[in-house]
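what shape does this take:
(chains A, B, C and D)
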2 protein chains.
Amino acid sequence: MPVFVATAQPHANRLLAALPNDDYQRLQPHLANVSFALGEVVYEFGGQLDYVYFPTTAIVSLLYTMENGSSAEMGLTGNDGVVGIALFMGGGTMPNRAVIQSAGGAVKMKAKVLQDEFAKGGKLQYLLLRYTQALITQISQTAVCNRLHSVEQQLCRWLLLSHDRLNTDELIMTQELIAGMLGVRREGVTVAAGRLQDAGAISYVRGHIKILDRRRMEETVCECYRVVKDEFDRLLG
Amino acid sequence: MPVFVATAQPHANRLLAALPNDDYQRLQPHLANVSFALGEVVYEFGGQLDYVYFPTTAIVSLLYTMENGSSAEMGLTGNDGVVGIALFMGGGTMPNRAVIQSAGGAVKMKAKVLQDEFAKGGKLQYLLLRYTQALITQISQTAVCNRLHSVEQQLCRWLLLSHDRLNTDELIMTQELIAGMLGVRREGVTVAAGRLQDAGAISYVRGHIKILDRRRMEETVCECYRVVKDEFDRLLG
DNA sequence: AGCCGTCTGTGCGCTTGACCACATACGTGC
DNA sequence: GCACGTATGTGGTCAAGCGCACAGACGGCT
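Numbers count the residues shown, from 1 in each chain, chains lettered A, B, ... in the order given. From the prediction side, this is the model:
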């Protein structure tokens, strides 16, 4: 029996929104809204998950932390995806962490329900697999970008990817946290962000970043952003 | 009617080897051996695939080439995997290239046959999805490694991952090609390989690398190698 | 108003690796 | 055995980014 389900906004997550009405009606009793605070951990390295999460307004960062404490992000998920792919891919756990990068809501679904629905081979399976392929592209491009591009370009890519998954122009995010995501020093972010600010692309005050000029950001960013965006649009558009 | 199928060694590819006999018998008429030369392109950026390939002795590198010609590898596949995941994930194409990194054989299967079998939801689907999850881990770790580790460590990781997928201690591979895989300069590889050679870990003569002391390699490599290897063993072991 | 913790800016020395320019080796073919 | 093409070694300069140290600067709290 659903508890406080009525408020779940199906269309706030693009995967759920793309389900045929029949499928959605069947799953709807098993959906529940949750909200996440900044920095909250959705799952740990190797941790079992009881639910998958379809973010609506939250953004979740997938990152890996080394033995020495340094960390780097491999990808991020917002209202265009799902957190917990290991549950339908079959491995159960993933060797990384998922951390809330932007506070907000998500819709959760019991692992068992998801797995049963996935096994039916219907539209949900189709969507989840296509999303996973898009995620692979994102992670791949992160790998390439990490190798070949400057901190400033990567910061741009990261801000644009985040901005695409938000409905505001303001990100709540300190430079310290961004540095952890990008796997660079905090000072490196300060310098790169300073340049973007001088160029009038963003404004930056104590953990509040505002995107002022998206055009200019898109001129500064490397091709990696476009590749990822195009692939998401192609697969889930 | 199968043409020259009898020689296909099912057990040379771990995914095929893990199929129940029933499944394998059903698919066997649709399998055919192919062999690939070094440098051959299995698919191009955005290219349609008519077949999926289950490498037996070949190793295939997945890489992305930038507009300016520089390139970097996101992952590699050998006898523990399959090339062409876009065919069952649903996207059809991937925004990267697949290039033969070590000449050898593979078993090919028509895309349609694979897709029909995948849609049945049986053991092949199970295996392909688990492999895909392992691949995601590999790509993720490449991203992290690119960001945080030295060329020498990455060279070690790359050599070990390749070695695991070969049945010899000798790799046919110039420093120039390795540089393209790792996304670094050829001279960088020369220096890193020189250090490994001085340490007695490898020998290196004009495109012939020999692994002399795996122990020492494993001491030099970063934790990324272990994470990837453990995850492959866990998911496909 | 004043304090204090957090966030951001900046400067300096150092390392890594990129870019450039050659100098050698190896080895296949004539 | 010689020549030429390809593969590898090396050295110098330069820029990006790390590590460290510290100086402001903002904002919430008393």
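
show the model's pLDDT score for A:P10.
According to the prediction, A:P10 has pLDDT 60.

ok now do the residue nearest to A:I85 when sequence neighbours are not counted, which residues does it touch?
Nearest non-adjacent residue to A:I85, counting by CB to CB, 6 or more residues apart in numbering or on different chains: A:T132, 5.5 Å away. The way it works is simple: take the backbone N, C-alpha and C, and place the C-beta from them, glycine included. Residues in contact with A:T132 (CB atoms under 8 Å, 6 or more residues apart in numbering or on different chains) are A:I85, A:M89, B:M89, B:T132, B:I136.

list just the nearest of those residues to DNA strand C.
Closest approach between the contacts of A:T132 and DNA strand C, by CB to the nearest atom of the strand: B:I136, at 25.0 Å.

distance of the spatially closest residue to A:S140 that is not a sequence neighbour relative to DNA strand C?
Once flanking residues are discounted, A:S140 sits nearest to B:M74: 4.1 Å by CB to CB, 6+ apart. As judged by CB to the nearest atom of the strand, to the nearest Å, B:M74 and DNA strand C stand 16 Å apart.

picking up where we left off before, which helix or strand contains the residue nearest to A:I85?
helix A:123-148 (DSSP states H and E).

and that helix, how far out from the chain's middle?
Distance of helix A:123-148 from the chain centroid (CA atoms, centre = their mean, to the nearest Å) equals 11 Å.

same question for stretch A:113-120.
From the chain centre to the centre of stretch A:113-120 is a distance of 23 Å (CA atoms, centre = their mean).

got it, and stretch A:40-56?
12 Å.

so does the helix holding A:T132 get close to DNA strand C?
No: using CB under 7 Å from any atom of the strand, helix A:123-148 stays clear of DNA strand C, coming no nearer than 7.6 Å.

quick one: average confidence on that helix?
97.

what residues does chain A put near DNA strand C?
Residues of chain A lying near DNA strand C (CB under 7 Å from any atom of the strand): A:174-176, A:186-187, A:190-191, A:193-194, A:197, A:204-207.

how about A:M109, phi and psi?
For A:M109, the backbone dihedrals (degrees, to the nearest 10) come out as phi -140, psi 140.

that one reaches A:Y51, doesn't it?
Yes: counting by CB atoms under 8 Å, A:Y51 is a contact partner of A:M109 at 6.2 Å.

quick one: the residue nearest to A:I85 and A:A17, what's the gap?
18 Å (CB to CB, to the nearest Å).

go on, A:T56?
Taking CB to CB, one finds A:T56 at 10 Å from A:A17.

what's the answer for A:L87, then?
20 Å.

quick check: phi and psi at the residue most central in space within chain A.
When CA atoms, centre = their mean is applied to chain A, the residue found nearest the centroid is A:T77 (1.6 Å). Phi and psi for A:T77, reported as degrees, to the nearest 10, are phi -130, psi 140.

hmm, it is touching A:F54, no?
No: using CB under 8 Å, A:T77 is not in contact with A:F54; the gap is 9.3 Å.

mutual contacts of these two, please.
What both A:T77 and A:F54 touch, as defined by CB under 8 Å, 6+ apart, is the set A:V83.

A:H149 - how many residues pack around it?
When counting by other CB atoms under 10 Å in any protein chain shown, one arrives at 17 neighbours for A:H149.

I meant to write A:Q28 there.
17.

quick one: it and A:G122, what's the gap?
On the measure of CB to CB, A:Q28 and A:G122 end up 15 Å apart.

ok, now A:T93?
Applying CB to CB to A:T93 and A:G122 gives a distance of 25 Å.

can you list contacts of stretch A:108-125?
A:15, A:18-20, A:23, A:26-27, A:30-34, A:49-54, A:84, A:87-88, A:128, B:119, B:121.

of those residues, grab the buried ones for ChimeraX.
Buried members of those, defined by 16 or more other CB atoms under 10 Å in any protein chain shown, are picked up in ChimeraX with:
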select /A:15,18,19,23,26,27,30,31,32,33,49,51,52,53,54,84,87,88,128
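
from the contacts of stretch A:108-125, which land in strands?
A:L31, A:A32, A:N33, A:V34, A:Y51, A:V52, A:Y53, A:F54 (DSSP state E).

how about the helices in chain A?
Ranges of helices in chain A, per DSSP state H, are A:14-17, A:21-27, A:86-89, A:111-119, A:123-148, A:151-164, A:175-182, A:186-198, A:214-220, A:223-236.

so which of the ones you listed comes closest to B:R234?
Taking CB to CB as the criterion, B:R234 comes closest to helix A:86-89 out of the helices of chain A, the separation being 11.2 Å.

and that closest one, what does it pack onto?
helix A:111-119, helix A:123-148, helix B:123-148 (3 or more CB pairs under 8 Å, 6 or more residues apart in numbering or on different chains; DSSP states H and E).

how about those in a markdown table, adding distance to B:G39?
Shown next, in a markdown table, are the helices and strands packed on helix A:86-89 (distance: least, CB to CB, whole Å):
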| stretch | distance to B:G39 |
| --- | --- |
| helix A:111-119 | 39 |
| helix A:123-148 | 20 |
| helix B:123-148 | 21 |
